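Engineer: Please work out how this folds:
(chains A and B)
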Amino acid sequence: MSDTTALKKSETREPLFHIAKRADIVWWKAWLIRLAALAASLIVCAALARALGGIAPLAFFRSMISGAFGTKRRIWKLFYELAILLSISLAVTPAFKMRFWNIGAEGQALIGGLATAACMYYFGGKIPTPLLFVVMIAASILAGMIWAVIPAVFKAFWNTNETLFTLMMNYVAIQLVTFMINFWVTSGSGTLPPMSEYALPTIGSNAWILNIIVIAVLTVAVYIYLRFSKHGYELSVVGESENTALYVGINVKKVIIRTMLLSGALCGVTGLLLVGGTDHTISASTVGGRGFTAIMVSWLGRFNPIFMVLTSFLLAFLGAGANQISNDYKMNGSISDIITAVILFFVIGCEFFIQYRIVLCKNGKEGK
Amino acid sequence: MARPAIELRGITKTFGRIVANQNVDLSVNYGEILSILGENGSGKTTLMNMISGIYFPDAGQILINGKEAVIRSPKDAFSYGIGMIHQHFKLVDVFSAAENIVLGHEEKRFNKKTIAAEVKEICDRYGFEVDPDKKIYEMSVSEKQTVEIIKVLYRGADILILDEPTAVLTPQETDKLFAVLRRMRDAGKAVIIITHKLHEVLSLSDRVTVLRKGRYIGTVKTAETDETALTEMMVGKKVSLNIERNDPKGSEKRLEVKDLSCFDREGAQILRDIGFTVNGGEILGIAGIAGSGQRELLEAIAGLQKYQQGEILYYDPRTGETESLKDKTPLQIRELGVRLSFVPEDRLGMGLVGNMDIVDNMMLRSYRGGKSAFLDRKKPKNLADEIIEELEVSTPGVHTQVRKLSGGNVQKVLVGREIAAAPTVFMAAYPVRGLDINSSYMIYNLLNRQKESGVAVIFVGEDLDVLIELCDRILVIGSGQITGLVDARHTTKEEIGLLMTRSVVSPAPSTPATVSEKEGDPQ
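Structural biologist: From the prediction side, this is the model:
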């Protein structure tokens, strides 16, 4: 290091910054980054709303919060939306932990709903109501399981691509629902009138509470299944490395099929709650895309049912708030999509800053 | 004459909490071979990746030909005349050697004749042997490496970096490579070779730079040092380099492989007529060029690889009965009462689950026990505590994800778990790959202890010196066939090296296990 004088600091260009991986970050710092991202996203949303619709920032936030928490009804509705979304997310999570990309939850839930509706349509009034409930529960669960196990069997034995397969099953389910409605409804209205007399019992003041309670119990059950049961352990091993699973003698085919049966059954329960619990009828949009949103909930919640409660809450809140804004200001539904997208962009994007940090290069300091 | 080609000053690179390089200085001159010596994880490759533009240093300077250089991409590195030959070759399999050599070289149009002439000229100058029209997939590992080196020279590199070039070569191929490297040095190139093998350093390089845990320890002239001194620099303390070896205990048959043949999905033969026995209380070494069928052989024994012909027999030491392991899954093999432990080559992809903590990895083998539908994490936790203490695993705790541990500690966790199963047959594939010297010796000791307690040990290794020192007998495999079985006490590296590359032309005899039980030294 004697000839430092020969050092020429000349034509060489330095990069402005580079990216370095972070050490394990302390949890509160990570949450600080997440909160900052949320705050930043809200500011951008407010600015956007101002630019596009001339909405004052404060009014924007007021509208959003009132959409979610404005009235008692809205609060119940928020928690109901949270619960239904969480329920489908719980269903896809065991499959995702196994790295089986089940994007067919939409169809699995819908077919569960269809089975419920069919039971109500055919057996309603003909068999005692308690027995009807048992049949509805069994039929919806069974339907969801069938819809999920078909791609699982193909995956296990012939290694077909489960993503495409489950996706296609969605369309089959949607078409089947449309067909059945046309088959049942001859009046030409194209909608099945609610069969409220055969609906599941309500608890308390509204039809949402039953759903919320059932899903709360399921959340805990799925958490325990994944964390403490031998089945849950096996499916994590299969997901992490199929080679390891084979090496320790796990029957991979069996685990794939068993896990998808569970995933489908949980979707079926969601369909039951949607049709038997709240809607009392069915249409092709009964599940309403929640089967896809659930994928995001599950990922954002890192496949942990407890975290997923938080991510479902975030998405349900965004949905309610953004809707209120488009209502209050007579803008079309796109504004709510834009707001949701901006917020999710920030919330998901901030994970990058939790994993990495950006180091600025200081000119001249390099040689030290 | 000593014109510096590259000089590094105070190079630092961190990945999160891991300091890969801290304040490293280094210089290499034209017409010189410099070895960079250090244990796995000492930051050799990271350092070289910064010179070749793959990483960018956090701090420090790189000087090339005395001028400060900023290398942001492999392309920048090329423009400075730096060429790196990576451990994993970066060649297009379906292209010929010549096509690979000119690939990505934009200035010239692809003209077969002129390229062939240029390639030939480079080959003649340095003594390479390569057929420019041969496709990469038809080539042996050493030929592929030759293509990589020519590629770099063709682009006009004056500074060559080779990352562990001998890891995949036989002793004979290594000698050839070294001759070529010496010729390059004499032609005025600067050559840097990354290695952790001491005898290579001593026989090849002019100077050695030693790194330890990312830090620069020192640079010495090869002529003025020896193995012990270099080891001390590398490890930081004195280490004895002898592996103990006792005579095998007893000689009852434990495992017998008979005429084993197996084919892969495309119908290519992976193993042909493999036959041998392993006795309780001995260590049987398996030597061979990487990918000669060692993995498939062990996996066949473990019940993971289906085989079309032949049989594997297990002689139960407790009951005296003989069990056939053919067509059995790993679970069925265990249910037969065969206590077979297996440390696979791919530790985190097969032996362990990287994203799970140590406790959950402990119960991979045993979680099924008991009738409960729920897991019992108490026993695995105790086992984890025991292994951490006995094998000196350095970890923040039992609930640390295994992938966050260093290579040596990962291996200790795996070996510890497999030993805890009280095996009667213990198989280990490349168990010391990527381990530092201390951990390696701990693994050798563990294998020896297994042998002493009467276990039949099968050890697939790549370092012939270790195989010769540790094993009782060594089985040599070449392209899926047994090419020799030698007594480790009376063999040499050269003999094994020759057997490794020997192809059995005539159909293998029906009892290949008895091939050449050599005695004496042929050299």
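Engineer: When you work out contacts or count neighbours from here on, use the C-alpha atoms and nothing else.
Structural biologist: Noted.
Engineer: quick one: contacts for the residue lying closest to residue B:170 once chain neighbours are set aside?
Structural biologist: Spatial nearest neighbour of residue B:170, chain neighbours left out: residue B:497 (5.8 Å); criterion: C-alpha to C-alpha, 6 or more residues apart in numbering or on different chains. The contact partners of residue B:497, by C-alpha atoms under 8 Å, 6 or more residues apart in numbering or on different chains, come to B:170-172.
Engineer: how about those in JSON lines, adding pLDDT and secondary structure?
Structural biologist: Shown next, in JSON lines, are these (pLDDT from 0 to 100; DSSP: H, G, I helix; E, B strand; the rest coil):
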{"residue": "B:170", "pLDDT": "79", "secondary structure": "coil"}
{"residue": "B:171", "pLDDT": "81", "secondary structure": "helix"}
{"residue": "B:172", "pLDDT": "84", "secondary structure": "helix"}
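Engineer: least trustworthy helix or strand in chain A by mean pLDDT?
Structural biologist: strand A:17-21 (a mean of 71; mean pLDDT, DSSP states H and E).
Engineer: Show me what secondary structure element comes after it.
Structural biologist: As assigned by DSSP states H and E, the chain's next helix or strand after strand A:17-21 is helix A:27-53.
Engineer: Run through the neighbouring helices and strands of that following helix.
Structural biologist: Here helix A:27-53 touches helix A:57-69, helix A:334-355, going by 3 or more C-alpha pairs under 8 Å, 6 or more residues apart in numbering or on different chains; DSSP states H and E.
Engineer: which of those helices sits most buried?
Structural biologist: When the helices and strands packed on helix A:27-53 are scored by mean count of other C-alpha atoms under 10 Å in any protein chain shown, the highest mean neighbour count falls to helix A:57-69 (a mean of 19).
Engineer: who does the very next helix or strand once past it touch, helix- and strand-wise?
Structural biologist: Next along the chain after helix A:57-69, taking DSSP H and E as the criterion, comes helix A:72-97. In terms of contacts (3+ C-alpha pairs under 8 Å, 6+ apart), helix A:72-97 is packed against helix A:57-69, helix A:105-123, helix A:208-228, helix A:230-240, helix A:252-272, helix A:290-300, helix A:305-328.
Engineer: averaging pLDDT over each of the helices and strands packed on helix A:27-53, which comes out lowest?
Structural biologist: Among the helices and strands packed on helix A:27-53, helix A:334-355 carries the lowest mean pLDDT, at a mean of 85.
Engineer: Any part of that helix near chain B?
Structural biologist: No - Helix A:334-355 does not reach chain B (C-alpha under 8 Å from any C-alpha of the partner chain); its nearest approach is 9.0 Å.
Engineer: Quick check: chain neighbours aside, which residue is closest to the spatially most central residue of chain A?
Structural biologist: Centroid-nearest residue in chain A, with C-alpha atoms, centre = their mean: residue A:294, separated by 1.4 Å. Nearest residue to residue A:294 in three dimensions, chain neighbours excluded: residue A:89, at 4.5 Å (C-alpha to C-alpha, 6+ apart).
Engineer: List the contacts of the one you found.
Structural biologist: A:291, A:294-295, A:297-298, A:308.
Engineer: and the one residue in the stretch 151-300 of chain B that gets nearest to chain A, what helix or strand is that in?
Structural biologist: At 9.0 Å from chain A, residue B:299 is the closest residue in the stretch 151-300 of chain B, using C-alpha to the nearest C-alpha. Residue B:299 belongs to helix B:294-302 when assigned by DSSP H and E.
Engineer: Return the set of residues that bridge with the closest residue to chain A within the stretch 351-500 of chain B.
Structural biologist: Distance from chain A to each residue of the stretch 351-500 of chain B (C-alpha to the nearest C-alpha) is smallest for residue B:374, at 4.1 Å. In this structure, residue B:374 bridges to residue A:229 when assessed by DSSP bridges.
Engineer: ok, back up a step: distance of the residue nearest to residue A:294 relative to chain B?
Structural biologist: 22 Å (C-alpha to the nearest C-alpha, to the nearest Å).
Engineer: Show me the domain layout of chain A.
Structural biologist: A:25-55+A:329-361, A:71-320 (automatic domain parsing).
Engineer: Could you tell me which residues of chain B lie near chain A?
Structural biologist: Checking chain B against chain A by C-alpha under 8 Å from any C-alpha, the hits are B:9-10, B:14-18, B:56, B:59-61, B:66-70, B:72, B:304, B:329-331, B:349-355, B:364-365, B:367-368, B:373-375.
Engineer: The least confident helix or strand of chain A pairs with which strands, parallel or anti?
Structural biologist: strand A:356-360 (antiparallel).
Engineer: so the partner strand versus helix A:334-355, what angle?
Structural biologist: 80 degrees (axes from the mean of the first three to the mean of the last three C-alpha atoms, to 10 degrees).
Engineer: tell me which parts of the stretch 151-300 of chain A are close to chain B?
Structural biologist: Selection of the stretch 151-300 of chain A residues close to chain B by C-alpha under 8 Å from any C-alpha yields A:228-231, A:237, A:240-241, A:243-250.
Engineer: Quick one: residues contacting residue A:107.
Structural biologist: A:147, A:169-174, A:291.
Engineer: if you set the cut-off to 6 Å instead, what comes out?
Structural biologist: A:170, A:173 (C-alpha atoms under 6 Å, 6 or more residues apart in numbering or on different chains).
Engineer: how much space between it and residue B:218?
Structural biologist: 66 Å (C-alpha to C-alpha, to the nearest Å).
Engineer: Repeat that for residue A:83.
Structural biologist: From residue A:83 over to residue B:218 (counting by C-alpha to C-alpha), the distance is 63 Å.
Engineer: What's the local residue count around residue B:344?
Structural biologist: 25 (other C-alpha atoms under 10 Å in any protein chain shown).
Engineer: I meant residue A:165, not that one.
Structural biologist: 20.
Engineer: Would you mind giving the secondary structure of residue B:427?
Structural biologist: What DSSP: H, G, I helix; E, B strand; the rest coil gives for residue B:427 is strand.
Engineer: bridging residues for it?
Structural biologist: residue B:342, residue B:458.
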